[in-house]
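Engineer: how would this look folded up:
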Amino acid sequence: MAYRISAADATGAIALERTTAAGALKKARELEAAGFRNVRIVDPDDREHEVATFAEQLAAQPA
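Structural biologist: Predicted structure coming up:
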């Protein structure tokens, strides 16, 4: 399973992958904190999420 993270800043776009949902969320939050915009996470089912929405869905999942 791969989670894709995409974002943009003044110099261009970036695309990264993480193997876990938690790892994807952590990297997406780091990108936001670094000033990147349009940060999105695409899950293994090819659904695109904003960072806040993804975090809510992840927190709502049973452990």
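
Engineer: dihedrals phi and psi, the residue most central in space within the chain?
Structural biologist: Residue closest to the average C-alpha location in the chain (CA atoms, centre = their mean): residue 41, at 3.3 Å. Backbone geometry at residue 41, expressed as degrees, to the nearest 10, gives phi -120, psi 130.

Engineer: right, and it touches residue 52 too?
Structural biologist: No - using CB atoms under 8 Å, residue 41 is not in contact with residue 52, being 10.6 Å away. Every C-beta, even on glycine, is put in place using the N, C-alpha and C of the backbone.

Engineer: what mean pLDDT does the helix or strand residue 59 falls within get?
Structural biologist: When elements are assigned from DSSP states H and E, residue 59 belongs to helix 51-60. Regarding helix 51-60, the rounded mean pLDDT is 94.

Engineer: number of nearby residues for residue 28?
Structural biologist: Burial of residue 28 is recorded as 26 neighbouring residues (other CB atoms under 10 Å).

Engineer: doesn't it lie inside a helix?
Structural biologist: Yes - counting by DSSP: H, G, I helix; E, B strand; the rest coil, residue 28 falls inside a helix.

Engineer: noted, bye for now.
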